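Chemist: Just to be clear, the model below is a prediction. Sequence and coordinates:
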Amino acid sequence: LHIMGCSHKAYWLGTFLADFIILMIPAFLLFISWPILGLEKYYTGVNILANMIIVFVYTANLISFAYLCSFLFGSYKACISFMPILMLMLAVIPNFVYSIYTQIESIFQPDSDGDPGSVLASVITWFFMIISPQGGLYTGLMEVGEDLHRLDIALWPPVYASVLTMCIQAAVYTSIYYYLDVSSLPILTPSFTHSHLRPEGDVENKGNESEAVDEGDLSLPLDEDVSAEKNLILKGEKDHDALVVQRLRKVYQNTVESSTGAWKINRVVAVEDMSMSIPRGEVFGLLGANGAGKTSLINMITRSSVPDCGDARINGKSVLSAFDHASRFLSIVTQQNSLWDNMTVYTHVFVFAFIRGVPYKYLTNSESGYNIVDNLLRLLQLYEHRHKLSKQLSGGQKRKLCTAIALIGEPAVILLDEPSAGIFCLHL
């Protein structure tokens, strides 16, 4: 989404609002359960307003906490499997600990009047309220219920303390996960020297021998037209082009153990000193054998991979130092289909058209009589499948849908990485 021009703020705000609306359904069920269960103190007078504020703030807090926890997982399947268990534990453990504590206290101090045990119980209550998103909900609702919590807790948190704590928690969680997301795509300064990328010697030598793997001859002579293009780029005479690639280089390296027992550095130069420019309106085909570095080049342009040196500019905006601006003019069809399984074909194109800033009147037939989404789907022979979920499409149809998404909004630069894979192109 970010590569296609969606900003971090827009993504998180839109996701938050959608999740908040969805979670209002169980919140509404909670509200109507109080009269059914006869909990009069929860829905009469000002108590109903207090409880609504508590539930709304808790919902926002819970969403922020879940977003932060998502950064702990490498796959969404692991996150979906573990998070319900975590949420259940955070809801049950405080109540369980409190119940055990009160039972023990009633056994050993049956005649106590809340001191000093009530102080310890208060500390436990405040502790769980501060560290757990569910703590604020529990203490707030119990305070409104009055007679449900008194027992031996002398310093029970007031309602405003529960609400304020949850607000602070939500702000902290949001700040952390937003920082983690933004820092995953840091602002970098382009570098055009790579002498430091050729380390000498071993990482570790088990046999007291030193071996280094030769990268090969990287100083091959260039064809005249390629050399002339490179010189024009280095002189800045191609800066007005839609895409300018200047001296990009990418080296993948790892350590391997040789037959002699020495650890040596194994380097693979995927892209070496790549310079080219593509004017607006030009179709440019990048050809090469498997492993030649085509996808590595695309990954550096889209910031999926950081180049070891060099830079790329889209409409004059550097992908290293100003990718937020450069991505507004960029779209891509990756080797792997980037689709949502449970979203229809039409909705996919509609959403990305909206992200691209296509005026709403061109997305519906009501005002202008011209629907750009329908026309694009007809062009790619997907119109009759427009109401299908993407997971119901064939492999070739999924590639067509990815191409439609890339074309929508007329971006300045469209990167197509094997877009025709699996497509029968005779009738296109």
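Modeler: Now that the structure is in, tell me what you want to look at.
Chemist: so which strand or helix has the residue nearest the centre of the chain?
Modeler: What sits nearest the mean C-alpha location of the chain, by C-alpha atoms, centre = their mean, is Asp181, with 6.6 Å. Using DSSP states H and E, Asp181 maps to helix 159-183.
Chemist: do Trp12 as well
Modeler: helix 8-37.
Chemist: And the single longest helix found in the chain, what does it pack against?
Modeler: With secondary structure taken from DSSP state H, the chain has its longest helix at helix 76-108. On a contact count with 3 or more C-beta pairs under 8 Å, 6 or more residues apart in numbering; DSSP states H and E, helix 76-108 meets helix 47-70, helix 117-131, helix 133-145. Every residue, glycine included, has its C-beta placed from N, CA and C.
Chemist: Put the alpha carbons of the longest one into CSV.
Modeler: Just to be clear, that refers to helix 47-70. Presented in CSV, the C-alpha positions along helix 47-70 are these (Å, rounded to 0.1, in the frame of the first residue of the first chain):
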residue,chain,number,x,y,z
ASN,A,47,-24.0,5.7,35.0
ILE,A,48,-24.9,4.8,31.4
LEU,A,49,-22.9,7.8,30.2
ALA,A,50,-19.9,6.8,32.3
ASN,A,51,-20.1,3.2,31.2
MET,A,52,-20.3,4.3,27.5
ILE,A,53,-17.2,6.4,27.9
ILE,A,54,-15.3,3.5,29.6
VAL,A,55,-16.3,1.1,26.9
PHE,A,56,-15.4,3.4,24.0
VAL,A,57,-12.0,4.4,25.5
TYR,A,58,-11.3,0.7,26.2
THR,A,59,-12.1,-0.2,22.6
ALA,A,60,-9.6,2.4,21.3
ASN,A,61,-7.0,1.2,23.8
LEU,A,62,-7.5,-2.5,22.9
ILE,A,63,-7.1,-1.8,19.2
SER,A,64,-3.9,0.2,19.8
PHE,A,65,-2.5,-2.6,22.0
ALA,A,66,-3.3,-5.2,19.4
TYR,A,67,-1.6,-3.2,16.7
LEU,A,68,1.5,-2.9,18.8
CYS,A,69,1.5,-6.7,19.6
SER,A,70,1.3,-7.4,15.8
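Chemist: worst average pLDDT in the helices and strands packed on helix 76-108?
Modeler: Mean pLDDT is lowest for helix 117-131 out of these, coming in at a mean of 76.
Chemist: Regarding stretch 289-308, how distant is the last residue from the first?
Modeler: 22 Å (C-alpha to C-alpha, to the nearest Å).
Chemist: Can you give me the buried ones in that stretch?
Modeler: Within stretch 289-308, the residues scored as buried using 16 or more other C-beta atoms under 10 Å are 293-303, 305, 307-308.
Chemist: How about stretch 228-237?
Modeler: Taking 16+ other C-beta under 10 Å as the criterion, stretch 228-237 shows 229-230, 233 as buried.
Chemist: Tell me the one of these nearest Ile3?
Modeler: Ile233 (23.4 Å; C-beta to C-beta).
Chemist: Without its sequence neighbours, what residue ends up closest to that closest one?
Modeler: With C-beta to C-beta, 6 or more residues apart in numbering as the criterion, Ile233 has its nearest non-adjacent residue at 4.9 Å, and that residue is Ser275.
Chemist: residues near that neighbour, how many?
Modeler: 20 (other C-beta atoms under 10 Å).
Chemist: dump the residue contacts of it.
Modeler: 229-230, 233-234, 245-248, 310 (C-beta atoms under 8 Å, 6 or more residues apart in numbering).
Chemist: now these in JSON lines, with pLDDT, distance to Tyr160 and secondary structure?
Modeler: Formatted as JSON lines, the contacts of Ser275 follow (pLDDT from 0 to 100; distance: C-beta to C-beta, whole Å; DSSP: H, G, I helix; E, B strand; the rest coil):
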{"residue": "Glu229", "pLDDT": "87", "distance to Tyr160": "68", "secondary structure": "helix"}
{"residue": "Lys230", "pLDDT": "88", "distance to Tyr160": "67", "secondary structure": "helix"}
{"residue": "Ile233", "pLDDT": "90", "distance to Tyr160": "63", "secondary structure": "helix"}
{"residue": "Leu234", "pLDDT": "88", "distance to Tyr160": "64", "secondary structure": "helix"}
{"residue": "Val245", "pLDDT": "93", "distance to Tyr160": "58", "secondary structure": "strand"}
{"residue": "Gln246", "pLDDT": "92", "distance to Tyr160": "58", "secondary structure": "strand"}
{"residue": "Arg247", "pLDDT": "91", "distance to Tyr160": "60", "secondary structure": "strand"}
{"residue": "Leu248", "pLDDT": "91", "distance to Tyr160": "57", "secondary structure": "strand"}
{"residue": "Gly310", "pLDDT": "91", "distance to Tyr160": "56", "secondary structure": "strand"}
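Chemist: between those residues, which is closest to Gln397?
Modeler: Nearest member of the contacts of Ser275 to Gln397, counting by C-beta to C-beta, is Val245, at 32.1 Å.
Chemist: beta partners for that closest one?
Modeler: Met276, Ala312 (DSSP bridges).
Chemist: likewise the one 5 residues further on?
Modeler: Here Lys250 sits in beta bridges with Val271, going by DSSP bridges.
Chemist: dump the residue contacts of it.
Modeler: So Lys250 contacts 269-271, 293, 296-297, 300, 305, 307-308 (C-beta under 8 Å, 6+ apart).
Chemist: 6 Å instead, please
Modeler: Residues near Lys250 by C-beta atoms under 6 Å, 6 or more residues apart in numbering: 270-271, 296, 307-308.
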